[in-house]
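In: mind folding the following:
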Amino acid sequence: MMGGSRTMQLEFHQLDRRFEHLRVRRPDRQRRLLASLAEAGQQTPIVVVALADQADRYLVIDGYKRIAALQQLGRDTVEAVLWPMSEAEALVLDRSLRFSAQETALEQGWLLAELEQRFGYGLDELAGGSIAA
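Out: This next block holds a predicted model:
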């Protein structure tokens, strides 16, 4: 676990899900996840960062599908790990951790476009991964 990160229980209303639209929906995977969560509970915490301008609100970096499944199951809270870094740093770190066959080229493109528009990063910086947020 990353230094300074901590695990906590959060209620759904505390979560800012502004990047949910950047994820591709796969109904078959979602059904398997739902079944797994129903049977075994939440095994992996979602990843959040604190929102600087809103007390007790957290931006979801990773875990949108788990949140949706837990809500479907009628749960009130989600286990989350809080990364002690900025929103931009967390998005770039999450992208580098998940850079695999599981992430589609479309999802990578959406995230890069979002980083470029939202934070003003140039495509050269994004391609090289040399972002100092």
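In: CA only for contacts and neighbour counts going forward, please
Out: OK.
In: chain neighbours aside, what residue packs nearest to Q43?
Out: When the adjacent residues along the chain are set aside, Q43 lies closest to L37, with 7.9 Å between them (CA to CA, 6 or more residues apart in numbering).
In: can I assume the one you found is in contact with L70?
Out: Yes: shown here, L37 and L70 form a contact pair, counting by CA atoms under 8 Å, at 7.3 Å.
In: residue ranges for the strands of the protein, please.
Out: Assigned by DSSP state E, the strands in the chain fall at 6-11, 15-16, 46-50, 58-62, 77-82.
In: which among those strands is found nearest to V24?
Out: Closest approach to V24 among the strands of the chain is made by strand 58-62 (13.0 Å; CA to CA).
In: for the residue nearest to Q43, which residues are in contact?
Out: When contacts are counted by CA atoms under 8 Å, 6 or more residues apart in numbering, L37 touches Q43, A69, L70.
In: for L93, see how far away the first one is.
Out: Okay, so that is Q43. With distances defined as CA to CA, to the nearest Å, the gap from Q43 to L93 amounts to 21 Å.
In: check V24 too.
Out: Distance from V24 to L93, counting by CA to CA: 19 Å.
In: who has more neighbours out of the two?
Out: Looking at V24 and L93 with other CA atoms under 10 Å, you find the greater number of neighbours at L93, namely 15 against 12.
In: now the more buried one: how far from E11?
Out: 24 Å.
In: same question, A68
Out: The span separating A68 from E11 equals 13 Å under the rule CA to CA.
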